[in-house]
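J.: dropping the sequence and predicted coords here.
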Amino acid sequence: SILDAIRNTNVTSKEHGGITQSIGAYQVTVKVNDEDRVITFLDTPGHEAFTAMRMRGAQSTDIAILVVAADDGIKPQTIEAINHAKAANTEIIVAINKIDKPAANIDKVKQELMAYDLVAEDYGGTTICCPVSAKTGEGLESLLENIALQADVLELKANPNRKAYG
């Protein structure tokens, strides 16, 4: 998974069926403009059986990273995740994964996203789309930078010394 690649771990291989089975929270530190930034990820299962977990994840985040396989395109779970994020008024960044595969078609994915009002920046819209490969690591740095920059645009701030609420 993309999060495994970012964390340099292999968590999903230990999960039943090689897929994420529960919601997990992870933090990574990213250097943006010579400044260390901490990003907290909530990893939700992508499999169709975990609808409720994806809904809770969308309601709990400021930015949703929508992962779409470049060789598969939009699937029913993708549409569901888009709808959950929109219902929660959560900003969406699209990570177009598996760009290392011969059948990868980034433009096709971007065109499919337009049917859900997610228009890529290079198509004249406002949706950040980051082509990545969890397998090779290509594009992951750009994805992390875009997350941090979007957090700046949204003026997201966290106080780690304050009690959580919600």
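T.: Cool, got the structure.
J.: any weak-confidence spans in this structure?
T.: Low-confidence segments of the chain, defined by pLDDT under 70: 9-24, 44-60, 158-160, 164-166.
J.: can you map out the strands along it?
T.: 24-32, 35-43, 63-69, 91-97, 128-131 (DSSP state E).
J.: using CSV, write out the CA atom coordinates for the first one.
T.: As requested, C-alpha coordinates have been extracted for strand 24-32 and formatted as CSV (Å, rounded to 0.1, in the frame of the first residue of the first chain):
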residue,chain,number,x,y,z
GLY,A,24,-5.0,2.7,11.9
ALA,A,25,-3.4,6.0,12.7
TYR,A,26,0.2,6.7,11.7
GLN,A,27,2.4,9.8,11.7
VAL,A,28,5.2,10.7,9.3
THR,A,29,7.5,13.6,9.3
VAL,A,30,8.0,15.4,6.0
LYS,A,31,10.5,18.1,5.2
VAL,A,32,8.8,20.9,3.2
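J.: from memory residue 85 sits against residue 92, does it?
T.: Yes: counting by CB atoms under 8 Å, residue 92 is a contact partner of residue 85 at 5.1 Å. In short, each C-beta sits where N, CA and C put it, glycine included.
J.: find residues that contact each of these two.
T.: 64, 66 (CB atoms under 8 Å, 6 or more residues apart in numbering).
J.: any chance of the strands of the chain in a markdown table with distance to residue 76 and mean neighbour count as columns?
T.: As requested, those are exported to a markdown table (distance: least, CB to CB, whole Å; neighbours: other CB atoms under 10 Å):
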| stretch | distance to residue 76 | mean neighbour count |
| --- | --- | --- |
| strand 24-32 | 23 | 13 |
| strand 35-43 | 20 | 14 |
| strand 63-69 | 12 | 21 |
| strand 91-97 | 17 | 23 |
| strand 128-131 | 20 | 22 |
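J.: make a markdown table out of the ones you listed and add distance to residue 144.
T.: Output for these, formatted as a markdown table (distance: least, CB to CB, whole Å):
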| stretch | distance to residue 144 |
| --- | --- |
| strand 24-32 | 4 |
| strand 35-43 | 7 |
| strand 63-69 | 10 |
| strand 91-97 | 10 |
| strand 128-131 | 9 |
